[in-house]
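>>> Here's a sequence, model it:
(chains A and B)
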There are 2 protein chains.
Amino acid sequence: MGLQHLSRQLMHRCDELGAISDEAGRLTRSFHSPAMRRANTLVGGWMCEAGLEVKEDAVFNLIGRWPCERLRAKTLLLGSHLDTVRDAGKYDGPFGVLVAVAAVSALRRERVRLPFHIEVVGFSDEEGLRYQTPYLGSRAMAGTLEKKDLLRIEEKGIQRAKRKPGELLAYAEVHIEQGPVLEAEDLALGVVSGIAGQSRIRVEYIGTAGHAGTVPMAMRQDALCAAAEFILAVESCGPTATVGQITAQPGASNVIPGRVVLSLDVRHLADAKRLRAVAALRASASAIATKRGVRTLWGVVQESASVACDPTLTRMLKSAVRPHQARVLMLPSGAGHDAVAMSAICPVAMLFVRCKGGVSHHPDESIKSADVAKAIAVLRDFILLLARRHA
Amino acid sequence: MGLQHLSRQLMHRCDELGAISDEAGRLTRSFHSPAMRRANTLVGGWMCEAGLEVKEDAVFNLIGRWPCERLRAKTLLLGSHLDTVRDAGKYDGPFGVLVAVAAVSALRRERVRLPFHIEVVGFSDEEGLRYQTPYLGSRAMAGTLEKKDLLRIEEKGIQRAKRKPGELLAYAEVHIEQGPVLEAEDLALGVVSGIAGQSRIRVEYIGTAGHAGTVPMAMRQDALCAAAEFILAVESCGPTATVGQITAQPGASNVIPGRVVLSLDVRHLADAKRLRAVAALRASASAIATKRGVRTLWGVVQESASVACDPTLTRMLKSAVRPHQARVLMLPSGAGHDAVAMSAICPVAMLFVRCKGGVSHHPDESIKSADVAKAIAVLRDFILLLARRHA
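Numbers count the residues shown, from 1 in each chain, chains lettered A, B, ... in the order given. All right, here's what the predicted structure looks like:
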């Protein structure tokens, strides 16, 4: 079975998985739901066909193992997640699991012997749909669940999913890009340099509501005008920065907004740059408020540090990509991935595959079969490069 | 009974009327509701005490008539409205009716004889709460109800409320300012130059939604950034202009807004200036869209022309105000009033009384008893000036 065939098979499998949902008429799979149990059964069957020993761990991560003959060998972990957001596309998550199954399947048919075990994992929760907290599957495996997570999750004993220190050689993940860069650069694949750190902030402006017809312009403290000025400051602040939510109160066409709340999302691969930009935006927010005679509130909702991909693994991924396209593009991941959680216990690497229009988290997610064949080949070659190093 | 006494009585009456509501715990009176019937009964009693002949017309406007002895005399109409918005203050509307009752009461006690009839009117609907269309009482009296209004209103025969052409000498209305200008200028009273015309427009920006972490800043078509730029253009466009409502879709903190809808409200006493500003804003909206590679839609929701107050009546009001304060301030009304509807059949004039913080349409509406005394005196003197002219 050649790469073209494996690629077509993978596309069919994504279609089949995409039909397994907790909701009629749209694709939704949340942690340990009936659809997730059916998805694990289906993908477990495909793992079995590829010659893997299949099991589920204590947090319902699906694991297909290909043991090597060496005693005390470490384990190379490959995969992604099988859960989805609400009304999802077919590829965000499952695609990475099935690329790993296909690459392993190719290597097994070539009767390759590896100096490490391989496990293909389908994580049980990355999107955080059920408990509004992401990376449940991978954090359980990394042993980094917090007390509040354990209290939130009804299932007992999930701490047993934790892997022993030093047991894992590395974690490598293939994922759709979820952005438009590869498409714009006309490249099938990109090697991920790291996963951006993120600040989420709630910004509020409090002015004075009033009649839109009777308060002269010079006497206003319009909270929405202050917010508008801030939104433009966010746009030009440097890092990737977004205001995605805004509400103006009281919210009538003939009333000056007295209160505006907005969300700020700032991401950068360099944590210092992100934190500098956030500090500068906080100063902007205050300066705008002072100038306009309104008040502003600033509340950090969430802050996470960036994760660098392992230089050695990344060099190997680049070598594996090189034969397939004119140039190797390194790009940061602005979205979070299971690799963030896994980086707590082993080195990580990631490969991006272009997706149509950069669309993700939407039924319109789309990838090309020809790109999929390249991704399978690259992951296969990456495993061989890693084997050579550890021979 | 002197002016101070009439003023205190008026304040008590506003309190008493303010307790008559269709809703428990807040003040709400809508067209022909149980509370409006009780309000008409109460105010009708006060009109009767003032020596007026009380009736209700076909659209439930409460009318107290003081006829003169002249045959074929015209009628001077004084008043305002007795309905309210939802969760209203006590003064917007009823205050103007009760000032008219107090001024007439003072003149009758002075045994003045007038060359015209006087009618004090409490209009049955100005705020438009019940049918979402304003000036029902005054438009019925002016004979300018449209077919769609008649279809909407369940009561039959309201067209009989129309007054004969030439029957009315003038309409004069006292109202709280609903804005902060008089307070800022430290003046109790202001003479209204006219009522601003208004354009209400629905503006939409359509960009491209996308992942807040993965779409590079340079590749975005962020509908909210376009809207922010437009909001600042509105703020500096010249006339009184307000964006009161804004919604961004899909409205998640980690998604670039793909679609923003906002309301635009532009008002000016000079219709040509208003229309020029609206045209300039429309051009700005398009220029912003073109520059940013997004689309924009522009929908006029409502457009109303300005109404000029009558120069002769306004001169008389100014003469009547002059003895009471250091200077006479003319100011436009940015809010609509029954005078807008009445201007279709007779000359109109308006007097504003300062209100605390410019607040209206809110339980915090507040006025000073000393200002009320001045308002009663000015309306009384205005009537005498008008009588002299028509003697």
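>>> Quick check: A:Gly44 touching A:Leu62?
Yes: here A:Gly44 reaches A:Leu62: they are 5.8 Å apart, a contact under C-beta atoms under 8 Å. (Glycine included, C-beta is placed from N, CA and C.)
>>> can you give me phi and psi for the residue sitting furthest away from the middle of chain A?
Each residue of chain A has a distance to the centre, and by C-alpha atoms, centre = their mean the biggest one is for A:Thr214: 49.8 Å. Per-residue torsions, A:Thr214: phi -110, psi -10 (degrees, to the nearest 10).
>>> Which pLDDT value belongs to it?
Reading off the confidence values, A:Thr214 has pLDDT 92.
>>> Equivalent analysis for the one 3 residues further on, please.
Note on A:Met217: pLDDT of 96.
>>> Spatially nearest residue to it (excluding sequence neighbours)?
B:Thr240 (6.1 Å; C-beta to C-beta, 6 or more residues apart in numbering or on different chains).
>>> what does the stretch 251-391 of chain A put close to chain B?
Neighbours of chain B within the stretch 251-391 of chain A, by C-beta under 8 Å from any C-beta of the partner chain: A:251-257, A:263, A:265, A:267, A:301, A:333-336, A:358-361.
>>> Please pick the buried ones from those.
Applying 16 or more other C-beta atoms under 10 Å in any protein chain shown to those, the neighbour count classes A:251-257, A:263, A:265, A:267, A:333-336, A:358-361 as buried.
>>> so of the residues you listed, which ones are in helices?
Judged by DSSP state H, helices contain none of these.
>>> residues of the helix or strand bottoming out on mean pLDDT in chain A that come out buried?
Lowest by mean pLDDT, DSSP states H and E among the helices and strands of chain A is helix A:147-152, with a mean of 85. Within helix A:147-152, the residues scored as buried using 16+ other C-beta under 10 Å are A:Asp149.
>>> residues making contact with that helix?
A:Tyr131, A:Thr133, A:Leu136, A:Arg139, A:Ile158, A:Gln159 (C-beta atoms under 8 Å, 6 or more residues apart in numbering or on different chains).
>>> swap the cut-off to 10 Å and go again
Contact partners of helix A:147-152, identified using C-beta atoms under 10 Å, 6 or more residues apart in numbering or on different chains, comprise A:130-133, A:135-136, A:139-140, A:145-146, A:156, A:158-159.
>>> Could you say which of those residues is surrounded by the most neighbours?
A:Leu136 (32 neighbours; other C-beta atoms under 10 Å in any protein chain shown).
>>> separation between it and A:Glu154?
Taking C-beta to C-beta, to the nearest Å as the measure, A:Leu136 falls 12 Å from A:Glu154.
>>> With A:Glu16 instead?
From A:Glu16 to A:Glu154 the distance is 29 Å (C-beta to C-beta).
>>> any weak-confidence spans in chain A?
In the predicted model, chain A carries pLDDT under 70 at residues A:1.
>>> residue contacts, the residue of the stretch 251-391 of chain A found nearest chain B?
Closest approach between the stretch 251-391 of chain A and chain B, counting by C-beta to the nearest C-beta: A:Gly334, at 2.9 Å. A:Gly334 makes contact with A:177-179, A:181, A:195-196, A:198, A:239-240, A:242, A:265, A:267-269, B:211-216, B:254 under the criterion C-beta under 10 Å, 6+ apart.
>>> Export the contacts of helix A:147-152 as TSV, with columns for secondary structure and distance to A:Ser319.
Below are these laid out as TSV (DSSP: H, G, I helix; E, B strand; the rest coil; distance: C-beta to C-beta, whole Å):
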residue	secondary structure	distance to A:Ser319
A:Arg130	coil	39
A:Tyr131	coil	39
A:Gln132	coil	40
A:Thr133	coil	37
A:Tyr135	coil	29
A:Leu136	helix	34
A:Arg139	helix	31
A:Ala140	helix	33
A:Leu145	coil	35
A:Glu146	coil	38
A:Lys156	coil	45
A:Ile158	helix	38
A:Gln159	helix	38
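>>> can you tell me which residues contact A:Glu154?
A:His32, A:Arg130, A:Tyr131.
>>> before we move on, what SS does the first one have?
Think A:His32. coil (DSSP: H, G, I helix; E, B strand; the rest coil).
>>> Tally up the residues packed near it, please.
A:His32, neighbours per other C-beta under 10 Å, totals 20.
>>> any idea how far the closest residue to it other than its chain neighbours lies from chain B?
Nearest non-adjacent residue to A:His32, counting by C-beta to C-beta, 6+ apart: A:Phe60, 5.3 Å away. Distance of A:Phe60 to chain B, computed by C-beta to the nearest C-beta, to the nearest Å: 25 Å.
>>> just checking, A:Tyr205 touches A:Arg292?
Yes: A:Tyr205 is in contact with A:Arg292 according to C-beta atoms under 10 Å; the separation is 8.5 Å.
>>> hang on, the earlier thing: how about the secondary structure of the residue nearest to A:His32?
Under three-state DSSP, A:Phe60 falls in the coil class.
>>> The one 3 residues further on now?
With three-state DSSP as the basis, A:Ile63 sits in strand.
>>> Bridged to it, which residues?
Taking DSSP bridges as the rule, A:Ile63 bridges to A:Lys55, A:Val121.
>>> Surely it is in contact with A:Glu119?
Yes: using C-beta under 10 Å, A:Ile63 is in contact with A:Glu119, at 5.3 Å.
>>> intersection of neighbour lists for those two?
A:Met47, A:Leu52, A:Glu53, A:Lys55, A:Thr75, A:Leu77, A:Gly79.
>>> re the thing from before, which helix or strand lies directly C-terminal to the least confident helix or strand of chain A?
Downstream of helix A:147-152, the next assigned helix or strand under DSSP states H and E is strand A:168-176.
>>> who's in contact with the helix or strand that that next one is followed by?
Tracing the chain C-terminally past strand A:168-176 and defining elements by DSSP H and E, one meets helix A:181-185 next. Contacts to helix A:181-185, defined as C-beta under 10 Å, 6+ apart, come from residues A:176-177, A:187-190, A:325-327, A:329, A:331-332, A:334, A:352-359, A:371, B:214-216, B:218-219.
>>> mind running it again at 7 Å?
Residues outside helix A:181-185 that contact it (C-beta atoms under 7 Å, 6 or more residues apart in numbering or on different chains) are A:Gly190, A:Leu329, A:Leu331, A:Phe352, A:Arg354, A:Gly358, B:Pro216, B:Met219.
>>> Among those, which pair sits farthest apart?
A:Phe352 and B:Met219 (15.5 Å; C-beta to C-beta).
>>> give the contact list for whichever residue of the stretch 51-200 of chain A sits closest to chain B.
Minimum separation of the stretch 51-200 of chain A from chain B (C-beta to the nearest C-beta) falls at A:Gly179, amounting to 3.0 Å. Counting by C-beta under 7 Å, 6+ apart, A:Gly179 touches A:Gly334, A:Gly358, B:His211, B:Thr214, B:Val215.
>>> ok, which stretches of the stretch 1-150 of chain A are helices?
A:3-18, A:34-49, A:94-109, A:136-142, A:147-152 (DSSP state H, counting those that start in this stretch).
>>> on that earlier part again, now list whatever residues contact both of A:Tyr205 and A:Arg292.
Joint contacts of A:Tyr205 and A:Arg292 (C-beta under 7 Å, 6+ apart) are A:Ala226.
>>> Give me the more crowded residue out of those two.
A:Tyr205 (29 against 18).
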